[in-house]
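Enquirer: Here is the input, now give the coordinates:
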Amino acid sequence: MIKAIKDPLAPECVLEARKRYDAALPDDLPVIPKEIGEYIKNLWKYHRDLVDVFGMVRDLGITRTEPTGVLVWVTHNIDTFARAWLLGVWRVEENGEIVRLEAQHE
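Expert: Predicted coordinates:
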């Protein structure tokens, strides 16, 4: 039996492709330690924003204070932290698990 091949440009095929594309994750997800991921989740939980975190890092520089705790990692990996925050998804360094923030808000 011969199956008919769908036209890949048919509206229903294009919509399906767009849905798959929108759901796909970037190939270069930021990789962060589990502790940092928990920090991001807690900040989101309490409606903090990225400016709050950058403010804490900036204040450490102004006061010439050595960062402690998670801010040590954030200070030395600010771009990776910001990408994880902005994308709302990252890969956990210790186990490779992919974490999405959307799941936290549903």
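Enquirer: Number of residues surrounding residue 47?
Expert: Neighbours of residue 47 under the rule other C-beta atoms under 10 Å: 7. Using the backbone N, CA and C atoms, a C-beta is placed for each residue, glycine as well.
Enquirer: State the distance from residue 20 to residue 91.
Expert: When distance is defined by C-beta to C-beta, to the nearest Å, residue 20 is 20 Å away from residue 91.
Enquirer: How far off centre is stretch 94-104?
Expert: Put simply, stretch 94-104 sits 8 Å off its chain's centre (C-alpha atoms, centre = their mean, to the nearest Å).
Enquirer: swap that for stretch 5-13, please
Expert: That offset, for stretch 5-13, works out to 33 Å (C-alpha atoms, centre = their mean).
Enquirer: can you check stretch 64-71 too?
Expert: Per C-alpha atoms, centre = their mean, the centroid offset for stretch 64-71 relative to its chain is 23 Å.
Enquirer: C-alpha coordinates for that stretch, PDB please?
Expert: Extracted in PDB, the C-alpha atoms of stretch 64-71 (Å, rounded to 0.1, in the frame of the first residue of the first chain):
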ATOM      1  CA  ARG A  64      35.700  45.600  47.800                       C
ATOM      2  CA  THR A  65      34.100  42.800  49.700                       C
ATOM      3  CA  GLU A  66      34.900  39.200  48.800                       C
ATOM      4  CA  PRO A  67      31.700  37.300  47.700                       C
ATOM      5  CA  THR A  68      30.500  34.300  49.800                       C
ATOM      6  CA  GLY A  69      28.200  31.400  49.100                       C
ATOM      7  CA  VAL A  70      26.500  31.300  45.700                       C
ATOM      8  CA  LEU A  71      27.600  34.900  44.900                       C
END
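Enquirer: So which residues of the chain form strands?
Expert: Assigned by DSSP state E, the chain shows strands spanning 31-32, 89-92, 98-100.
Enquirer: worst average pLDDT in those strands?
Expert: Note on the strands of the chain: strand 98-100 shows the lowest mean pLDDT, a mean of 91.
Enquirer: And the contacts of that strand?
Expert: 25, 29, 37, 41, 88, 89, 90, 91, 92 (C-beta atoms under 8 Å, 6 or more residues apart in numbering).
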